[in-house]
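J.: Show me how the following folds:
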Amino acid sequence: MFVGDSLSLNQWQSLTCMLHSSVPKSPYTITTQGTISTFTFQEYGVEIKIDRNVYLVDIVSEKIGRVMKLDSINDGKNWLGMDTLIFNTWHWWSRKSWDYIQIGRNVTTDMDRMAAFEIALGTWGKWVDTVVDTRKLEYFSKEFHHLITSNGTLWGEPAAHSCAGQKEPLLGTNYPGGLPPEVGVLKRALGKITKPVTLLDITMLSLLRKDGHPSIYGLGGRTGNDCSHWCLSGVPDTWNEILYNYML
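T.: A predicted model of the protein is given here:
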């Protein structure tokens, strides 16, 4: 099961397509119940699921509005019983899709997003240590950073104002804009977890692929210019190839 935002959906779609291409005549079904979608290979009894949970922690509708509870993961009940869990979050943290943030009894309209992100990852880490039985689970955590492409100086091309027209990746192994600070926050959070969790660190790999986005060829067309998600086939296939080889 993948748990996360639309970038997790990107990887889930990639994996289901790659598996289907290897057994194109094998029957399959796709079902959706609530936030969970399941791709099932009936012949093999294999299910690849995704739970669209963009923050990992809970967002609850209350009288005062939508409250993000940084110290609560009730949705974790949907993640139990899996053979493999692959988590991702950050893409939505710069947006405010809640009315209030709550920690314990303290309620506020907003707070420093990086600080909120770190608290949420700490809650997730405690959930891993108290709930997950790693003897029955091959357990993964992954994080990567999508390109915010309004400023081409991040990849050394000041004249570029978006990913549109980008046809080549950056060469080498360094990204001029440097690693995003949320990577450090994630690594600190992972360091506090006592159970075995693996970071599938494809951050730099993805940053170098300024050419790998749908751009004006995505669903929004020229009005959308999607520089956050990734083309299929493309970069997410590489994530899955790395994941597959790691699992082997």
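J.: now residue 204, what's its secondary structure?
T.: helix (DSSP: H, G, I helix; E, B strand; the rest coil).
J.: and it, what does it touch?
T.: Shown in contact with residue 204 (Cβ atoms under 8 Å, 6 or more residues apart in numbering): 173, 175, 179. Where C-beta positions appear, they are placed from N, C-alpha and C, glycine not excepted.
J.: Looking at neighbours, which among those residues is most surrounded?
T.: Of all these, the highest neighbour tally under other Cβ atoms under 10 Å goes to residue 175, namely 20 neighbours.
J.: Wait, it touches residue 205, no?
T.: No - Residue 175 is not in contact with residue 205 according to Cβ atoms under 8 Å; the separation is 10.0 Å.
J.: The contacts of residue 204 in strands, which ones?
T.: Among the contacts of residue 204, the subset assigned to strands under DSSP state E is empty.
J.: which one of these sits closest to residue 247?
T.: For the contacts of residue 204, the minimum distance to residue 247 (Cβ to Cβ) is 24.5 Å, reached by residue 173.
J.: Give me the distance between the closest one and residue 227.
T.: 22 Å (Cβ to Cβ, to the nearest Å).
J.: swap in residue 236?
T.: According to Cβ to Cβ, residue 236 and residue 227 sit 15 Å apart.
J.: if we look at the sheet, which residues does residue 30 bridge to?
T.: Listed by DSSP bridges, the beta-bridge partners for residue 30 are residue 39.
J.: Going forward, the N-terminal residue is numbered 27.
T.: In the new numbering, first residue 27, that becomes residue 56.
J.: Now do the contacts for it.
T.: Applying Cβ under 8 Å, 6+ apart, the residues near residue 56 are 63-66.
J.: Against residue 53, how distant is residue 38?
T.: Summarising the geometry, the distance separating residue 38 from residue 53, computed by Cβ to Cβ, is 19 Å.
J.: Show me which of those two is the more surrounded one.
T.: Between residue 38 and residue 53, counted using other Cβ under 10 Å, residue 38 has the larger neighbour count: 23 against 9.
J.: so who does the more buried one touch?
T.: By Cβ under 8 Å, 6+ apart, the contact list for residue 38 reads 28, 63, 65, 74, 76.
J.: Backbone dihedrals for it, please?
T.: Backbone torsions of residue 38, given as degrees, to the nearest 10, read phi -60, psi -40.
J.: how near is it to residue 74?
T.: Using Cβ to Cβ, residue 38 is found at 7 Å from residue 74.
J.: Which neighbours do these two have in common?
T.: 28, 65.
J.: What ranges in this protein fall below the confidence cut-off?
T.: Segments of the chain classed as low confidence (criterion: pLDDT under 70) are 162-177.
J.: Spell out the residue ranges of the helices in it.
T.: Using DSSP state H, the helices found in the chain span residues 32-48, 139-157, 207-217, 229-233, 261-273.
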